[in-house]
Each structure stands twice: as C-alpha cells, then as structure tokens.
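# sequence-free structure coming up:
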C-alpha cells in the first residue's frame, strides 16, 4: 500500500512538470500582453522598458526555467492587471468557487443517488419515470440557458432571490464564506442550482444503472433468501456495490466543476476563479492564466489520487492486492 502511494505521488509530480511546460509554452507563445498593458501612444523607449521589466524580451525557454524556479519557491509571479501576487489573487477568489462547487456537487449527490436507486429499484413506477425524464432534461439543456431561466423566473418575475453577486459573508478561519449568512445563502442558491442540474442528472442515471445491475446479482438474491428486509438489502448490498462508480464520478465531477465553473460564475456575477480567468484571458494576464491552468491540473491529479485511495477503502480485494 505504501509503495502504491509513493508511485502515485511520483507520477503526479511528473505529470505536473509536463503540464507546467505545456501550459507555459501554450500561454506565452500566443498574443502580446504589452499591447493591453500600455497605451498605443507611449514612446518606444517606455515600451522596451516595460517588455524588459516583465522579462518578455528573453527566449521562451529561459522564461520557462525562470518561472519554474520561482514556482518551486511558491512564487507564481505577479498579475499584470491586478499588480499583486498571482497565488494570493487566486486564493482570494478560491473560497467563493469552492463553496459554490461543494454546494452543487454535494446537493446533486444527496438527491441524485437516492433518486437513482429508487428509479432502479422500482423502474416501472410513475415516480421512477418522472425521475428519468428530469434526468434526460438535465443532460439536454445547456447550462447557460438554465441559468438565464432561473434568473428570469426567481429574480425578475418572482423576485424571491437576487440575480447575482455573492451577498453578505462571514469569517471562518480567516476566510470569508457566504453559506454562513442568510443573505449569502439567497445569493448562493441560484448559481448552485444551475451548476448542480447536470450533476444531478448524471448521478441519477449512474445510480439507477448500477442498481438495476446489482438487483439481478446472486448477492441480492441470497440476501433476500436470508430474510433481510428490502431496506437492509438496499443499504448494505446495493449501495455498497454501486459505491465505487459513484465515488469515481463524484470526484471527477467535483474537480471539473471546481475548475470549469466559468459559465455559471459569469452569468451570476459570482466572484470566483472562473470569472477571474475570463477577465484574465480578456486582458492577456499571462501569470494568472498559467497559475489557473496549473491549479486545474493539480486539482484533477489530487482528486484522482484520493479516489484511488477510496477504492482501496471500499473494496477489500484491492487492499489484499496492494498489501
């Protein structure tokens, strides 16, 4: 088990190194941020001084190794636009995206998994058919369209919830969170619902498919023959057997939602890292773009690593194979 963990950590470090090179070259080889940072009426001397100040006059490979040396010391550079350390800027926006993502994915799993299990357990009931119809709608409708409908319905027509912003926040461990205040929850609800709709459909269909498959296995037949109640069968056997694919999807969806909540954050003016990267792309703020993409790679690698460890915890056969 320890050997497996060490191997995964070494693989993760290698992947991060490769990703850093690809991301840096891909971002720094495109466009010229100087045209955005300074006006067209400045003198050529000031233009050259600005280029030299940001190190853009050096070869690309030299810029990369300079960047890599700074990263090893926890320095991702300074934002061209905000004039502050990139890591500090991203970390200031991360809590907003993190609480939005957790609310959406946990809510989708809490509703979608039981709904999917019920739909798989009683596939011919009216409620099961209704659940599957809603899940198809979740796959079919674009996220931005759902967001606009939610804003029109609940913010414009009914005026129950605000259309955008983060609302009031409260401090916990030195970080500002919206979910700690009632006003913050009113601002959080619509973007979280918009973000959760596709995840809800995915979790529902996955749980239903797994339940339908498990209900036909000998394990369930023997459990019923032993006189166990249906609730016990569902809880002890069905849920345990479908747990691994659900954990996999939960981890990957959490990572992808955390990394790519751009559309939702833009529609609802949610001040997270998704909106930050859109603004950075518009202004060619290269340090922020590189740091964001590396953060995305790190999140996916970390989530995959944790999911792999969860496999071992859920399946005793894997523990024996890696002992």
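Okay, I see it. The model shown is predicted, which means the values in this text are computed figures rather than measured ones. Numbers count the residues shown, from 1 in each chain.
# my guess is residue 288 meets residue 89, correct?
Yes. Using Cβ atoms under 8 Å, residue 288 is in contact with residue 89, at 6.7 Å. For glycine as for every other residue, the C-beta is placed from the backbone atoms N, C-alpha and C.
# The two: who's more crowded?
residue 288 (27 against 24; other Cβ atoms under 10 Å).
# Could you check how far that one is from residue 88?
Separation of residue 288 from residue 88 (Cβ to Cβ, to the nearest Å) stands at 11 Å.
# pLDDT weak spots in the stretch 1-150 of the chain?
Residues of the stretch 1-150 of the chain meeting the criterion pLDDT under 70: 1-2, 4, 30-33, 35-37, 39-40.
# how about the helices of it, start to end?
2-28, 34-37, 44-53, 60-71, 86-121, 126-140, 143-150 (DSSP state H, counting those that start in this stretch).
# Is it possible to get JSON lines of these that adds distance to residue 194?
Putting these into JSON lines (distance: least, Cβ to Cβ, whole Å) gives the following:
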{"stretch": "helix 2-28", "distance to residue 194": "28"}
{"stretch": "helix 34-37", "distance to residue 194": "31"}
{"stretch": "helix 44-53", "distance to residue 194": "41"}
{"stretch": "helix 60-71", "distance to residue 194": "34"}
{"stretch": "helix 86-121", "distance to residue 194": "8"}
{"stretch": "helix 126-140", "distance to residue 194": "11"}
{"stretch": "helix 143-150", "distance to residue 194": "4"}
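# Quick check: which of those is nearest to residue 297?
helix 2-28 (4.2 Å; Cβ to Cβ).
# angle of the closest one against helix 60-71?
130 degrees (axes from the mean of the first three to the mean of the last three Cα atoms, to 10 degrees).
# Mind listing what's buried along helix 2-28?
12, 19, 20, 23, 24, 27, 28 (16 or more other Cβ atoms under 10 Å).
# now stretch 60-77
63, 64, 67, 71, 76, 77.
# do the same with stretch 255-273
Neighbour count says stretch 255-273 has 255-259, 261-268, 270-273 buried, by 16+ other Cβ under 10 Å.
# How far does it sit from its chain's centre?
9 Å (Cα atoms, centre = their mean, to the nearest Å).
# Now do it: distance from first to last residue.
Criterion Cα to Cα, to the nearest Å; first-to-last residue distance in stretch 255-273 is 13 Å.
# So what touches that stretch?
If you take Cβ atoms under 8 Å, 6 or more residues apart in numbering as the criterion, stretch 255-273 is touched by 90, 93-94, 96-98, 100-101, 104-105, 143-144, 147-148, 151, 163-166, 190-191, 194-195, 199, 274-275, 277-278, 292, 295-296, 299-300, 302-304.
# May I have the secondary structure class of the spatially most central residue of the chain?
Centroid-nearest residue in the chain, with Cα atoms, centre = their mean: residue 258, separated by 2.0 Å. Assigned with DSSP: H, G, I helix; E, B strand; the rest coil, residue 258 falls in the helix class.
# Kindly provide the distance from the nearest residue to residue 78 once chain neighbours are set aside to residue 288.
Nearest in space to residue 78, with sequence neighbours left out and distances taken as Cβ to Cβ, 6 or more residues apart in numbering, is residue 85 at 5.8 Å. Residue 85 is 11 Å from residue 288, where distance means Cβ to Cβ.
# Now for these two: what residues contact both?
Jointly contacting residue 85 and residue 288 under the rule Cβ under 8 Å, 6+ apart are residue 79.
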